[in-house]
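A.B. asks: sequence and computational prediction follow.
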Amino acid sequence: MTARADLHLHSRHSARSAEWLLRRFDVPDSCSEPRALYDRLRARGMDFVTLTDHNEIGGCLEIADLPGVFLSEEVTAYFPEDRAKIHILVWGITEAQHREIGGARQNLFDLQRLLAEQGIAHAVAHPLYRLDSLFSTSHLEQLILLFRHFEVVNGLRHHQLGDTLRFALERLTPDPYARSEPAEWRADTAKASCLVCLLVWSGPLSRAVWSSGSVPRARGAASGRLVGRRSQMGCGKCP
């Protein structure tokens, strides 16, 4: 079975925007009602529906009883040494896991360990878009070691950011990092050559781009397979 889903979408439950200008004028990331987004996505051919509000699953819970819905969120996490900020998309979680994620997100390394241990599907959101002035090349190198999945297309970001990231990721080899980083990282991070790129969308026009992949019939496993190595890219112009 091949299925489609928008894996990065906000509702009115993302009350505080990550954008400095929007925060300045107290404008949320989205004013859309969860049910309205659900109806639009299903009408445009999405087999599964999820919302990735900032550190919040309230939008997903509003539509959790509808067919094809699974819980997700966009987590704001921090590097412990300097509090540099990063966003991590997590999919297919439970309410209990949402609470655990909330407790771990102040330390990115604790969060990564939690997601890996519990087998939660996840990806780094817009990694080349700086959320604050602290983010540097060193932080990006750490992300490459810690995570396998990266968002390479985002409807709110210039395509050159994604093109640059894809160019870099496709040419990575694990050896230089495995030799230079702490030993405890190596077993889990010397896999840079296996990085998988995602195509997702966070803008107001649902299904401008989407992700698709082979999924089992059991709905609970859908999110993990949608971001697997067979994930494909699509756009609003596609049939």
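C.D. replies: The structure has been received and is ready for your questions.
A.B. asks: distance-wise, check residue 118 relative to residue 98.
C.D. replies: To residue 98, residue 118 is 12 Å away according to C-beta to C-beta, to the nearest Å. For every residue, glycine as well, the C-beta is placed using N, CA and C.
A.B. asks: the two: which is more packed in?
C.D. replies: Applying other C-beta atoms under 10 Å to residue 118 and residue 98 shows that residue 98 carries more neighbours, namely 19 against 12.
A.B. asks: which residues does that one contact?
C.D. replies: Counting by C-beta atoms under 8 Å, 6 or more residues apart in numbering, residue 98 makes contact with 57, 71, 73.
A.B. asks: among those residues, who's most crowded?
C.D. replies: Top of those by neighbour number is residue 73, holding 27 neighbours under the definition other C-beta under 10 Å.
A.B. asks: okay, and it sits in which element?
C.D. replies: Counting by DSSP states H and E, the secondary-structure element that holds residue 73 is strand 71-78.
A.B. asks: what is the burial count for residue 107?
C.D. replies: By the other C-beta under 10 Å criterion, the neighbourhood of residue 107 contains 16 residues.
A.B. asks: you'd agree it is up against residue 78?
C.D. replies: Yes - under the criterion of C-beta atoms under 8 Å, residue 107 makes contact with residue 78 at 6.9 Å.
A.B. asks: next one: phi and psi at residue 6?
C.D. replies: With angles defined as degrees, to the nearest 10, residue 6 sits at phi -90, psi 120.
A.B. asks: now swap in residue 93 and tell me
C.D. replies: The phi/psi pair for residue 93 (degrees, to the nearest 10) reads phi -100, psi 170.
A.B. asks: what's across from it in the sheet?
C.D. replies: Taking DSSP bridges, one obtains residue 71 as the residues bridged to residue 93.
A.B. asks: what about it, how many residues nearby?
C.D. replies: By other C-beta under 10 Å, the residues close to residue 93 number 25.
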